[in-house]
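Visitor: I would like to see how this sequence folds:
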Amino acid sequence: MNFRIKELFYLALTLVTFVAGYFFLRYAYKVSDTTPFTQEIVLIILGTIATVFITSLLLNKQTSVEIEKEQNIKYLELKTKIYEGLLDLMEELATKEKLNKEDITKLQFVTHKLAIVASPDVLVEYNNFLQSVSILSQDGSFQNDSKGMSDALCSLTVTIRSDLLHEHHTQKHYSLNDIQQMIVQNSNDSVKVEAGSKT
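Guide: Sure, this is the predicted structure:
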């Protein structure tokens, strides 16, 4: 908002300069009818002032665009890192003979990290994934369930890919309340994985 005020200030200053310059130019032309060189000096000064104001406006706009671009890059890097962390964790869990409490705690933390950056589509698919994992982990491991794990992970990774590349195939609109309910549901389902692994 601060940048917007500054931008409007420069715009108003440029407008005032042009308006004041116009009236001053008319006055200067009448006063300096006999000396054309003075008229040219006045034109040069007004042109220089207008150029400085317009350049300042454009530089501020460029800075704002660069800052926004930098923020988007950092956000995408964070999102990618969290998604990679999830896939690494699932690879680690899939190769273990028995799931322990520490593994389930890691899964719960990834659930909360996802809540920070994941799109609603990813949260929905992650919920489906957790439900599948809950069923598959009832024997305390995933070693005999590689097909089921692969299918569940495949759907999740396709949705993650779409999110990272901004390929939104579903145009469904999610309210803030819908997203909050999905996060709570995912958190609850990650607890169910723990319950399933203990049986």
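
Visitor: Show me how the record splits the chain into domains.
Guide: 2-69, 95-198 (automatic domain parsing).

Visitor: And the ones you listed, which one averages the lowest pLDDT?
Guide: For those, mean pLDDT drops lowest on domain 95-198, to a mean of 72.

Visitor: Grab the longest helix from this structure for me.
Guide: Ranked by number of residues, the top helix in the chain under DSSP state H is helix 36-94.

Visitor: ok, and the closest non-adjacent residue to D163?
Guide: Take D163 and drop its neighbours on the chain: the residue closest to it by CB to CB, 6 or more residues apart in numbering is S119, 4.5 Å away. The C-beta positions use only the backbone N, C-alpha and C, and glycine is treated the same way.

Visitor: H112: neighbour count?
Guide: 12 (other CB atoms under 10 Å).

Visitor: Can you give me the buried ones in the helix or strand containing it?
Guide: Take DSSP states H and E as the rule and H112 turns out to sit in helix 101-117. When burial is assessed from 16 or more other CB atoms under 10 Å, helix 101-117 yields the following buried residues: D103, I104, K106, L107, Q108, V110, T111, K113, L114, A115, V117.

Visitor: what's the distance between the closest residue to the first one other than its chain neighbours and V117?
Guide: Okay, so that is D103. Leaving aside its sequence neighbours, D103 sits nearest to L93 (CB to CB, 6+ apart; 5.6 Å). Applying CB to CB, to the nearest Å, the value for L93 to V117 is 21 Å.

Visitor: and if you look at N72?
Guide: For N72, the distance to V117 - CB to CB - is 12 Å.

Visitor: From the contact counts, what lies against the helix holding H112?
Guide: With contacts taken as 3 or more CB pairs under 8 Å, 6 or more residues apart in numbering; DSSP states H and E, helix 101-117 sits against helix 36-94, helix 120-136, helix 176-198.

Visitor: Now do the second one: which elements does it pack against?
Guide: Just to be clear, that refers to helix 120-136. So helix 120-136, by 3+ CB pairs under 8 Å, 6+ apart, packs with helix 101-117, helix 146-164, helix 176-198.
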